[in-house]
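S.K.: Fold the following.
(one chain, ligands or ions: 2)
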Amino acid sequence: MKAVHFGAGNIGRGFIGELLYKSGYEIVFADINAEIIDELNDKQSYNVHYAGSDEKLTVEGVSGVNSSSAPEQLTKAIMEADIVTTAVGPNVLPHIAPAIAEGLKNRKEAQKAPILVIACENMIGGSSRLKEEVVKIAGDDVLDSAGFPDSAVDRIVPLQNNENVLDVSVEPYFEWVVERGTFPETLPEVHGLTYVDRLEPYIERKLFTVNTGHAATAYKGAEKGYETIRQAMDDEDIVNHVRRTLMETGKVLIERYGFNEEMHRDYIDTIIERFRNPDLSDYVTRVGRGPMRKLGLEDRLVRPARAHLQMFEEAPVHLISTIISALYYENEEDKEAVQLKALREEHGPVSALKEITGLDDSDALIQAVAKRV
Ligand SMILES: NC(=O)c1ccc[n+]([C@@H]2O[C@H](COP(=O)([O-])OP(=O)(O)OC[C@H]3O[C@@H](n4cnc5c(N)ncnc54)[C@H](O)[C@@H]3O)[C@@H](O)[C@H]2O)c1
Ligand SMILES: O=P(O)(O)OC[C@@H](O)[C@@H](O)[C@H](O)[C@H](O)CO
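M.R.: Numbers count the residues shown, from 1 in each chain. Ligands and ions are numbered 1, 2, ... in the order given. Okay, the predicted model is just below:
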């Protein structure tokens, strides 16, 4: 079996690549990073190291295609693929859509069986978003050639600093959930992948616990001058803030999905312990990357905060405080952080938030943030 995976980065190699390999797939990674692509073609294997143990897995049978310079090779790889996956970042999905559209058009012409295209990004409706972009290019007909089920992925894979550039160290924990949808063929079995009828509770629970908590740790950590997540988690004030923030998102999740309260509290504890993992070296700059995306209307901070205000008519003070820390986050090497700083300095933090989210003064969250700022 063959897989094409877009994005040979940390999650691509350290998570999706690992599970596809374990399921018997030969993997072609498509990326714009020429160094990684050359290494993949040269070595044809890499190691996944599991943090906290000497255990490792050698992923073999891998190769690479440079998606910016070898479009024909990429179309051919999609023609031969049994599954297509992505982990490129939400903002990059429109950029890979043309290659996927071309590959699927060719599959339709050749009357190949439909395949799944699964976006493994930290966002709500990632595959649906990709589908929209692909349909814009290739038209609705392309949907005869592929299903685009949404998915939720969870594994902390920090920035890598290994001697072999392809090797990747990961936390042992992982979760990959995919919505079953209406795919007409038998769904491919992938080791560690769970199909569910309705993804919404899974993606919201993950995004509004793991990623909201992570963002709170990063932005509060940055505010105090910490560089790593571990340093931030050694600060009990930050841990308390993160826990209280997650109690607020938890209140929304429990009300919306009927999760068991005690089990959800245990889930929060598990997540906080994962952030504390002494065997992972993760940076505030990675976890806080792309603050404008993270402050987006449907993302991990604003969406649960607005839901809290709507459901309980009460301001989630810790979430709001996290949003304000995010608005003041600075990192000169992060394009979005630079843009955010310019926006904030020119118009003030509340206008920056309004511009990013598209909300106006009539919105309860904007009013609550303005009051706190
Ligand atoms: N790292 C984690 O802990 C983690 C966990 C769960 C989900 N995710 C999600 O996975 C996605 C990737 O995150 P990551 O941490 O692996 O980032 P990363 O930066 O390590 O990997 C992204 C890869 O995409 C490649 N890329 C960028 N533009 C491209 C293009 N136009 N075509 C092809 N490839 C392109 C980059 O070169 C890079 O290799 C994000 O959506 C992230 O939110 C990350
Ligand atoms: O990837 P981002 O930028 O959306 O978020 C940063 C981290 O919170 C994220 O990568 C986590 O490590 C991951 O989502 C854990 O499953």
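S.K.: Just the CA trace of stretch 168-183, in CSV.
M.R.: What follows is stretch 168-183, C-alpha atoms only, in CSV (Å, rounded to 0.1, in the frame of the first residue of the first chain):
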residue,chain,number,x,y,z
VAL,A,168,12.4,12.6,15.6
SER,A,169,11.7,12.4,19.4
VAL,A,170,8.1,12.2,20.4
GLU,A,171,6.0,11.6,23.5
PRO,A,172,4.7,8.0,23.6
TYR,A,173,1.1,9.2,24.0
PHE,A,174,-1.0,9.7,20.9
GLU,A,175,-4.6,9.9,19.7
TRP,A,176,-5.8,10.0,16.0
VAL,A,177,-9.6,10.1,15.5
VAL,A,178,-11.3,10.4,12.1
GLU,A,179,-14.9,11.0,11.2
ARG,A,180,-16.3,8.0,9.4
GLY,A,181,-18.4,10.1,7.0
THR,A,182,-20.0,8.7,3.9
PHE,A,183,-17.0,7.3,2.1
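S.K.: Buried residues of that stretch, list them for me.
M.R.: Neighbour counts using 16 or more other C-beta atoms under 10 Å place Val168, Ser169, Val170, Glu171, Phe174, Trp176, Val177, Val178, Glu179, Gly181, Phe183 of stretch 168-183 among the buried residues. For the C-beta atoms, the positions are set from N, CA and C on the backbone; glycine is no exception.
S.K.: Leu301 against His214, yeah?
M.R.: No: under the criterion of C-beta atoms under 8 Å, Leu301 makes no contact with His214, lying 11.0 Å away.
S.K.: Compare those two (neighbour count), which wins?
M.R.: Leu301 (29 against 23; other C-beta atoms under 10 Å).
S.K.: how about the residues of the stretch 1-150 of the chain that lie near ligand 2?
M.R.: Residues of the stretch 1-150 of the chain lying near ligand 2 by C-beta under 6 Å from any ligand atom: Asn122.
S.K.: now with 8 Å?
M.R.: Counting by C-beta under 8 Å from any ligand atom, the positions of the stretch 1-150 of the chain adjacent to ligand 2 are Ile11, Gly89, Pro90, Glu121, Asn122, Met123.
S.K.: Quick one: these as JSON lines, columns for distance to Val48 and secondary structure too.
M.R.: Below are these laid out as JSON lines (distance: C-beta to C-beta, whole Å; DSSP: H, G, I helix; E, B strand; the rest coil):
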{"residue": "Ile11", "distance to Val48": "12", "secondary structure": "helix"}
{"residue": "Gly89", "distance to Val48": "21", "secondary structure": "coil"}
{"residue": "Pro90", "distance to Val48": "24", "secondary structure": "helix"}
{"residue": "Glu121", "distance to Val48": "20", "secondary structure": "coil"}
{"residue": "Asn122", "distance to Val48": "20", "secondary structure": "coil"}
{"residue": "Met123", "distance to Val48": "24", "secondary structure": "coil"}
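S.K.: Spatially, which residue comes closest to the residue most central in space within the chain, not counting chain neighbours?
M.R.: Nearest residue to the geometric centre of the chain (C-alpha atoms, centre = their mean): Asn122, 2.2 Å. Nearest residue to Asn122, sequence neighbours excluded (C-beta to C-beta, 6 or more residues apart in numbering): Asn211, at 5.8 Å.
S.K.: Which of the three states applies to the one you found?
M.R.: Following DSSP: H, G, I helix; E, B strand; the rest coil, we place Asn211 in the helix state.
S.K.: Quick check: it touching Arg300?
M.R.: Yes: Asn211 is in contact with Arg300 according to C-beta under 8 Å; the separation is 4.3 Å.
S.K.: Common neighbours of those two, please.
M.R.: Listed as contacting both Asn211 and Arg300 by C-beta atoms under 8 Å, 6 or more residues apart in numbering are Asn122.
S.K.: quick one, which of the two is more surrounded?
M.R.: Between Asn211 and Arg300, counting by other C-beta under 10 Å, Arg300 is the more crowded of the two (30 against 20).
S.K.: and the stretch 201-350 of the chain, which residues reach ligand 2?
M.R.: Residues of the stretch 201-350 of the chain lying close to ligand 2 by C-beta under 8 Å from any ligand atom are 206, 210-211, 214-215, 218, 282, 286-290, 293-294, 300.
S.K.: Apply 5 Å and report the result again.
M.R.: Residues of the stretch 201-350 of the chain lying close to ligand 2 by C-beta under 5 Å from any ligand atom are Asn211, His214, Val287, Arg289.
S.K.: can you list the domain ranges for the protein.
M.R.: Following automatic domain parsing, one finds the domains of the chain at 2-197, 201-372.
S.K.: quick one: contacts for Val287?
M.R.: Applying C-beta under 8 Å, 6+ apart to Val287 gives the contacts His214, Ala215, Thr217, Ala218, Ile229.
S.K.: can you pull the pLDDT of the spatially closest residue to the last one that is not a sequence neighbour?
M.R.: Yep, that's Ile229 we're talking about. Spatial nearest neighbour of Ile229, chain neighbours left out: Asp282 (4.4 Å); criterion: C-beta to C-beta, 6+ apart. As predicted, Asp282 sits at a pLDDT of 97.
S.K.: How many neighbouring residues does Asp282 have?
M.R.: By the criterion of other C-beta under 10 Å, Asp282 has 22 neighbours.
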